[in-house]
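Peer 1: sequence unknown, structure follows:
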C-alpha cells in the first residue's frame, strides 16, 4: 500500500539524488540502476520476495542495506519508547490510585482537572514547552546533541528525560483518568463494602483486591499507549533531533526512499503486532482464567 501511495505523489528519487541540474539521460540511467523503471507490481513482488528471504533491500538515500540502518536506529526508538512507558506507569498508576482513594476531596478534583488538560496537549507541543523551560530558560537538561557513545545508563536516562516526558505526559493523564474510573467502579462493588465492614484498612483492600481487578482494563490501555508511543516517537525524535526510527522515517519520505519507507512501515507494524501479543500473554499472567483467543 505504501509503495502504491507514493507512486501518485510528486517527487522522483533519482531526481532528488542527482539534483535539479541533472539531465533526462542521467535520471534514466539512475532509475534503471535503482530499479525504479520497473512496473510497480514487479517492484512490490521483488520487495516481498526479499522480505521472505530476510532481506529488506537497499536504501536509495544512504546506499546501504536497510537492515544495517535499522540496527543503528532502532535502539534509540526502543529506549525512548520504554522510557516513556516506564514514566507513564511509575507516575500514572500511583497518581490514579491516590485520586481514586481520595475521591471527592478538593485536591483530588484539582488533580483530575490537570489530567484533563494533560490529555489535550499534543506531544510535540509539550516537547517545545519542555525545551523552552527546562532546556533554554533553566538549562537543566540538554536540548540537542544526544551522542550517547561512552555514557552510562544513568547519563542516558538524564539526556533522554525531556523527550520521554514529552511523550508520556498525555499518556500519564490517560492512565490516571482510566484507572480512577475503573477503581471507583470496583470500590462500589459489594466485596469492597464487605472488606470495609470486616475492618480491613484502605491499603489492604485497595492493593489486595481492587487493584488486581482493575489492572486488566488498564493493561489494555497501556498496550495501546505503547503502540501509540512508537508513533509519537516519530514526531518527538524530530523535535529533539534524535537519531531513531522516527527521524529516519521523515528523512526517507522527504527523499522518496521507497525501499526504506516500505521496510520501516513493515518493521513498525511487526512491532505493534508483537506488543499486542505480549499484552494478551500478560492478561493470562494477571488472571489465569483468561485464555488467549477467547
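Peer 2: That came through fine. It should be emphasised that the depicted structure is a prediction, and the values quoted were computed from it without experimental measurement. Numbers count the residues shown, from 1 in each chain.
Peer 1: in a helix, that's where residue 156 is, yeah?
Peer 2: Yes: secondary structure assignment (DSSP: H, G, I helix; E, B strand; the rest coil) places residue 156 inside a helix.
Peer 1: how close does it sit to residue 64?
Peer 2: Noted for residue 156: a distance of 26 Å to residue 64, by C-beta to C-beta, to the nearest Å. Every residue, glycine included, has its C-beta placed from N, CA and C.
Peer 1: where do the helices of the stretch 51-200 of the chain begin and end?
Peer 2: Under the criterion DSSP state H, counting those that start in this stretch, helices of the stretch 51-200 of the chain are mapped to 66-101, 106-120, 123-130, 153-159, 161-187, 190-197.
Peer 1: pretty sure residue 240 sits against residue 141.
Peer 2: No: applying C-beta atoms under 8 Å, one finds residue 240 not in contact with residue 141, separated by 10.2 Å.
Peer 1: quickly list what's touching both of these two.
Peer 2: Counting by C-beta atoms under 8 Å, 6 or more residues apart in numbering, the common neighbours of residue 240 and residue 141 are residue 162.
Peer 1: same drill for those two, tell me which one is more crowded.
Peer 2: The neighbour count for residue 240 versus residue 141, taken as other C-beta atoms under 10 Å, is higher for residue 240 (26 against 17).
Peer 1: check what pLDDT that one gets.
Peer 2: What the model reports as pLDDT for residue 240 is 86.
Peer 1: name the nearest residue to it, sequence neighbours excluded.
Peer 2: Ranked by C-beta to C-beta, 6 or more residues apart in numbering and with sequence neighbours excluded, the top spatial neighbour of residue 240 is residue 163, at 4.7 Å.
Peer 1: same deal with residue 92?
Peer 2: residue 175 (3.3 Å).
Peer 1: how about that neighbour, what does it touch?
Peer 2: 88, 89, 92, 93, 96, 218, 221, 222, 225.
Peer 1: closest to residue 44 among these?
Peer 2: Among the contacts of residue 175, residue 225 lies closest to residue 44 (C-beta to C-beta), at 32.9 Å.
Peer 1: downstream of the host helix or strand of that closest one, the next helix or strand is which one?
Peer 2: When elements are defined using DSSP states H and E, residue 225 is found to belong to helix 211-239. Counting by DSSP H and E, the next helix or strand C-terminal to helix 211-239 is helix 245-254.
Peer 1: so how many other residues sit close to the closest residue to residue 74 other than its chain neighbours?
Peer 2: Leaving aside its sequence neighbours, residue 74 sits nearest to residue 245 (C-beta to C-beta, 6+ apart; 6.1 Å). Around residue 245 sit 27 other residues, with neighbours defined as other C-beta under 10 Å.
Peer 1: now do the one 10 residues further on
Peer 2: Using other C-beta under 10 Å, the number of residues around residue 255 comes to 18.
Peer 1: same question, residue 281
Peer 2: The burial count assigned to residue 281 is 9, neighbours taken as other C-beta under 10 Å.
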